[in-house]
Structures are given as C-alpha cells and as structure tokens.
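> here are the coordinates; sequence isn't available:
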C-alpha cells in the first residue's frame, strides 16, 4: 500500500485535500470507512486508486477507545477491502497530543501520523518541544509523519457560544509566513497546522470566522511542507475550496461528526421508543455521520 506521505504529495499536486475525521466510537469509524469505499470509484482516478481517508483520535478519544485497539481496528479495515491488490488506504492519526509521553504511546501502538500540539506554548518553547517529538519519532520509526501546530485555535470540538478565549483570530495573532518558515526549518516536521482564521468547534449564532486565504498561500510557499487545516467544522464550502486551491492538503472535521452522531441517535430513540438493542439504534448515528463524511469528501476531492 502507498504511504500516507505519497497520498499527501498527490493531493498537493492535484489541488485536492484528504479528509481527516475524528472518532469516539466504532459507529463513526464504520461510517467513515463505508463512505470512503463508496466514493473510491469516483475518487480513485485522482489518486490512481482508492480514495484515501484519515481517521483521527484526540488524547481523550484514544484514552476511551484504547490505542492498540484502534490501530488493530483500522488495520482490519485496510485488509477488508482491496483495490488493485493493495489494502484500502485508511490511515490513523494521533490528533492533538500534548506530551512526549502520549507521543510515545501512539508510536508504540502503531499510529501512522502524530500531531504534537504546542500551539498554546510561546513560540520558542513550541519549537523546542516539537523538535524533541520529531527527534524521538524519527529514532523509532521514520515512516511516521509528525505534524506541528503553530498558533492556538481553541481546544474544544463542541458547539460554542463564542470564540474560545485566547484563540488566534485577529490578523495580528495569526501565523505568519516567517514564523512558519522558521518553525518548519528548526523542528523538522513533515506537516504544518497554522492558525489562519480557523477555530475548533462551531460558533452557534455568529458563525465561524472566515479563513485568511492569502495567508494560507503565503504560508504554504514559505513553509515548504504540506499544510493542514484544523477546525474544519463550520467553515463555508467556498472557503474550503479557496483554501485547498491556496495549498491546504488535509482538512480536519470533528464537531460536525459529533453533532451528526447525537442527532442520528436521538432520532433513532424517538422513532423507536421501546427499542433497547444497540445495533438496531446505532445505524441512525452511522447514517447521519455518513451524510457529513460524504459531503466533505466530495467537496475536498472535487467530486462534485
């Protein structure tokens, strides 16, 4: 099977983005994988095969599900569906890791990629901590991709009343091309997640801020590595398309997945008030999540 870094390079060239979706249970994983398979017939030509997708787990999600168990599950998904003799390209990312200890746990479990999130740290401390993570991961398994975060964009994948305190949304607080260039050079990261107007979570009434598309383009040119967009939930489709054309190669979605999970499950309970069998109720969540994943993958891969 082609490596994740190969798919990312192809996405860069073709001006499309790989979808990254977080999971908190197996129902979400099932939904993501089934949609990726469904769209592979249409998306395959863009990648010369099946349409790749990344499944992510935050520290809390991984603690709940179990890191080794998640890795085993994702590997079983890869083996379940073959295209052209290769395993299906579903990859696993350890999302928003805040300590070297948790990084080591993800590496030991067998994750394909790791995001070390030092975005809330002062710039110099972020460089030092991220570099330490890169050096450790390289010493154990150079094939694991390491992503660094530059700029704080909040930390809650929830429906919010207002922009998270301290989140970088003012122009003067966003990542600059100069910071991005130095950060990549001094840490050696494979992927960069900058603050470009994106935030974690969805602002219920006011809507999420617009992305700074020109800044994305300049950061991409300065950084020289693939650029990742976090906090994708709540962003306008037009901003997604413009961001991809400007250089975004991976887009993270979590809050929308969580909302769909809850709404699907609530509808299942309402429509089946006497039902108590989980496998008869959970398809409601799966189907709602699939709607979100399908729409996002179609948009990110320019299939519509």
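Sure, I can see it. Computed from a predicted model, the values in this text were never measured in an experiment.

> And for this protein, the residue most distant from the center?
No residue in the chain has its C-alpha farther from the mean C-alpha position than residue 274, which lies at 36.8 Å (Cα atoms, centre = their mean).

> just checking, that one is part of a helix?
No - assigned with DSSP: H, G, I helix; E, B strand; the rest coil, residue 274 falls outside any helix and is coil.

> Can you read off the pLDDT for it?
Per-residue confidence at residue 274 stands at 96 (pLDDT).

> List the contacts of it.
Not one residue lies near residue 274 by Cβ atoms under 8 Å, 6 or more residues apart in numbering. Every residue, glycine included, has its C-beta placed from N, CA and C.

> By mean pLDDT, flag the weakest helix or strand of this structure.
Comparing helices and strands within the chain by mean pLDDT, DSSP states H and E singles out strand 159-160 as the least confident, with a mean of 58.

> which element follows that one toward the C-terminus?
With elements assigned by DSSP states H and E, the helix or strand that comes after strand 159-160 is helix 177-187.

> Give me the contacts around that following helix.
Helix 177-187 is contacted from outside by 123, 126-127, 130-131, 134, 148, 150, 189, 192, 194, 215, 218-219, 221-225, using Cβ under 8 Å, 6+ apart.

> Does residue 67 touch residue 111 like I think?
Yes - under the contact definition of Cβ atoms under 8 Å, residue 67 touches residue 111, with a separation of 7.5 Å.

> what residues do those two have in common as contacts?
Common contacts of residue 67 and residue 111, defined by Cβ under 8 Å, 6+ apart, comprise residue 94.

> Please say which of these two ends up with more neighbours.
More neighbours sit around residue 111 than around the other of residue 67 and residue 111, counting by other Cβ atoms under 10 Å; the figures are 27 against 20.

> where are the low-confidence patches of the stretch 51-200 of the chain?
When residues are selected by pLDDT under 70, those of the stretch 51-200 of the chain lie in 82-85, 155-156, 158-169.

> now with 80?
Counting by pLDDT under 80, the low-confidence segments of the stretch 51-200 of the chain come to 80-87, 152-172, 198-200.

> how many neighbours does residue 294 have?
Around residue 294 there are 18 other residues, counting by other Cβ under 10 Å.

> Skip the chain neighbours and tell me the closest residue to it.
On the basis of Cβ to Cβ, 6 or more residues apart in numbering, the spatially nearest residue to residue 294 that is not a chain neighbour turns out to be residue 35, at 4.9 Å.

> Could I get the contacting residues of the one you found?
Contacts of residue 35 were listed using Cβ under 8 Å, 6+ apart, and they are 290, 293, 294, 297.

> where along the stretch 101-250 of the chain do the strands fall?
Here the stretch 101-250 of the chain has its strands, by DSSP state E, counting those that start in this stretch, at 113-116, 145-150, 159-160, 191-194, 202-203, 227-229, 248-253.

> May I see the ones you listed organised as a markdown table, with distance to residue 304 and mean neighbour count added?
Rendered in a markdown table, the data for those read as follows (distance: least, Cβ to Cβ, whole Å; neighbours: other Cβ atoms under 10 Å):
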| stretch | distance to residue 304 | mean neighbour count |
| --- | --- | --- |
| strand 113-116 | 27 | 28 |
| strand 145-150 | 28 | 26 |
| strand 159-160 | 26 | 17 |
| strand 191-194 | 26 | 26 |
| strand 202-203 | 22 | 18 |
| strand 227-229 | 19 | 26 |
| strand 248-253 | 15 | 27 |
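
> May I see the ones you listed organised as a markdown table, with distance to residue 282 added?
Formatted as a markdown table, those follow (distance: least, Cβ to Cβ, whole Å):
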| stretch | distance to residue 282 |
| --- | --- |
| strand 113-116 | 28 |
| strand 145-150 | 31 |
| strand 159-160 | 22 |
| strand 191-194 | 31 |
| strand 202-203 | 23 |
| strand 227-229 | 30 |
| strand 248-253 | 20 |
